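In: Sequence and predicted structure, then a few things I'm wondering about:
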Amino acid sequence: MNTRASAYRGRFAPSPTGELHFGSLVAALGSFLQARSRGGRWLVRIEDIDPPREVPGAAASQLKTLAEFGLTSDEPVLYQSQLGKGHLQALTALLQSGQAFHCACSRRELPDSGIYPGTCRNGLPTGRRARSVRARAKHQDISFIDGIQGPQSQNPGLQSGDFVIRRADGLIAYQLAVVVDDANAGITEVVRGADLIESTARQIQLYRYLGWPVPAYAHLPLIVDDNGEKLSKSSGSDPIRRYRHIIALRLALRALGHEPPAGHKSLDSILTWAQRRWQLERVPVGPSAIGVQPG
Ligand code: GLU
């Protein structure tokens, strides 16, 4: 047995903020096919860590839609809301090592650029109470080779400055939760939408602070409608709602540079074809248009 190949672990991590849309289907499919082509496991984690943004019933409906497309998690689905212990341990470790600090600033006190000016880096100003916790962002280039987008270099210090890892409302922020949960699940490669590529250096910074191995990254093309606009969740042009699943699946594969030949009559046979053919090198850098219904 090739243990290296079988050690591959990938994932799809939707936030339950609405129905699964075409862009999410592309992300789910891309990560699934990459895991399968490496002989690895594919996991689903529901990122239900932000109750104010959560839509009741959305998680169940997303899982149902994934299953209708033949995409089911190889291990029990994880819910981020139940993984709080790991988040707190990491938060405590970062605070203890001084790689994170308490911050008193409200959003209104920050400059319009949104880049944190370092106000509370060296301690809270007198008389102010802690609101959030921020991780220190180094003014240093963090480079990584993205499996699709190629070599990347980002500087968290310039990009965002020290960034929030526990929000003022007490909730753990996405940047920390995603790192802790991917690390605890043993994820070896993160395959997700290109809209998240800008977060990657901050996440790598957290992996380094915590002393954990950094996964590989591959960011799938952003999906745009036929006018070149980013597909919105409510978009009436969303193929998942507009067409039969088999057509939506074909369109998703086309957006990923793997259009199946005519003749496949079932979802199963298309998925099997795609698993055999899948090559990350064939995925376009993007943006990818939804395209019209294939003939
Ligand atoms: N939960 C995030 C989203 O739905 C994705 C997180 C990730 O893949 O890193 O946008």
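Out: Now that the structure is in, tell me what you want to look at.
In: For this protein, which segments count as strands?
Out: With strands called from DSSP state E, the chain shows them at 9-12, 41-46, 78-79, 100-103, 132-135, 142-146, 150-154, 163-166, 189-193, 216-220, 223-224, 288-289.
In: which parts of the stretch 101-250 of the chain sit against the ligand?
Out: Residues of the stretch 101-250 of the chain lying close to the ligand by C-beta under 6 Å from any ligand atom are 178, 192, 196. C-beta coordinates here come from the backbone N, C-alpha and C atoms, glycine included.
In: The first one: neighbouring residues, count only.
Out: Right, the one you point to is residue 178. Other residues lying near residue 178 total 24 when counted by other C-beta atoms under 10 Å.
In: ok, now which ones touch it?
Out: 13, 47, 203 (C-beta atoms under 8 Å, 6 or more residues apart in numbering).
In: What about the second one, how many residues nearby?
Out: For residue 47, the tally of surrounding residues (other C-beta under 10 Å) stands at 21.
In: Correct me if wrong: residue 102 contacts residue 121.
Out: No. Assessed by C-beta atoms under 8 Å, residue 102 is found out of contact with residue 121, at 10.4 Å.
In: Settle it for me: which of the two has more neighbours?
Out: residue 102 (16 against 13).
In: how far away is that one from residue 85?
Out: 21 Å (C-beta to C-beta, to the nearest Å).
In: Please read off the pLDDT at the residue of the stretch 101-250 of the chain found nearest the ligand from the model.
Out: Scanning the stretch 101-250 of the chain for proximity to the ligand using C-beta to the nearest ligand atom identifies residue 192 as nearest, at 3.6 Å. With respect to pLDDT, residue 192 scores 98.
In: Contact partners for it?
Out: Taking C-beta under 8 Å, 6+ apart, we find residue 192 in contact with 12-13, 27, 31, 219-220.
In: next one: residue 24
Out: Residue 24 neighbours (C-beta under 8 Å, 6+ apart): 14, 62.
In: cool, and residue 121?
Out: Contacts of residue 121 (C-beta under 8 Å, 6+ apart): 101, 136, 162.
In: For it, give me phi and psi.
Out: Torsion angles at residue 121 (phi, psi; degrees, to the nearest 10) stand at phi -50, psi -40.
In: That one and residue 157: what is the separation?
Out: Distance from residue 121 to residue 157, by C-beta to C-beta: 11 Å.
In: Same question for residue 171.
Out: 25 Å.
In: Compare neighbour counts for those two and give me the winner.
Out: More crowded of residue 171 and residue 157, by other C-beta under 10 Å: residue 157, with 20 against 17.
In: In this model residue 141 seems to touch that one, though I could be wrong.
Out: No. Taking contacts as C-beta under 8 Å, residue 157 lies outside contact range of residue 141: 9.6 Å.
In: neighbours around residue 222, how many?
Out: Count around residue 222 with other C-beta under 10 Å applied: 18.
In: same check, this time on residue 9
Out: There are 20 residues near residue 9, going by other C-beta under 10 Å.
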